[in-house]
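Visitor: The sequence and its predicted three-dimensional model are supplied below.
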Amino acid sequence: MPAPTSPADLFRHGLRLLLDKDIPSWVALWAEDGVMEFPFAPDGWPRRLEGKEAVAAYMRHYPDHIDLHDFPELRIHQTTDSQTVVVEMRGVGRLVESDAPFDMTYIAVVTVRDGHFTSYRDYWNPLAVQEPGADFTGSSR
């Protein structure tokens, strides 16, 4: 079954894949030249990933460190650009290493072209990665 093509539907589909821990299928939603940015990333964490392969490498071990259970409070706002949405949400679950609760609030600005993510600016809380077991990127902090 092909992925949805509207930005809101594609985003919801992507969340379902993350909850299913299907990272390869989530990465497949990306355009080859898609860009993922983290404007609030702390020192030692990537601020910009260029291309599908960079996104894949970043996300490859995510489920080994963060076990997502739900995305409550999901709100998707349409912008004046029909291919761009602003998303407010929480991701909840647990940190695999410590079994501590994981609760992260996100705001994302996401652009879709031809049914693929082309731009994803993820404004997540950098304080949350100070928890043991949250560092799935192998950062140097």
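Guide: Received the coordinates, thanks.

Visitor: next SSE after the lowest-mean-pLDDT helix or strand in the chain?
Guide: Within the chain, no helix or strand scores below helix 62-65, which has a mean of 91 by mean pLDDT, DSSP states H and E. Following helix 62-65 in sequence order, the next helix or strand is strand 66-70 (DSSP states H and E).

Visitor: ok, now which ones touch the spatially most central residue of the chain?
Guide: Centroid check for the chain by CA atoms, centre = their mean gives Asp122 as the closest residue, at 7.0 Å. Applying CB atoms under 8 Å, 6 or more residues apart in numbering to Asp122 gives the contacts 36-38, 106, 108. C-beta here means a position set from N, CA and C on the backbone, and glycine is covered the same way.

Visitor: Return the distance of the helix or strand encompassing it from the chain's centre.
Guide: Using DSSP H and E, Asp122 sits within strand 116-124. Relative to its chain's centre, strand 116-124 lies at 7 Å (CA atoms, centre = their mean, to the nearest Å).

Visitor: Show me what that strand pairs with in its sheet, parallel or antiparallel.
Guide: strand 30-37 (parallel), strand 101-113 (antiparallel) (DSSP bridges).
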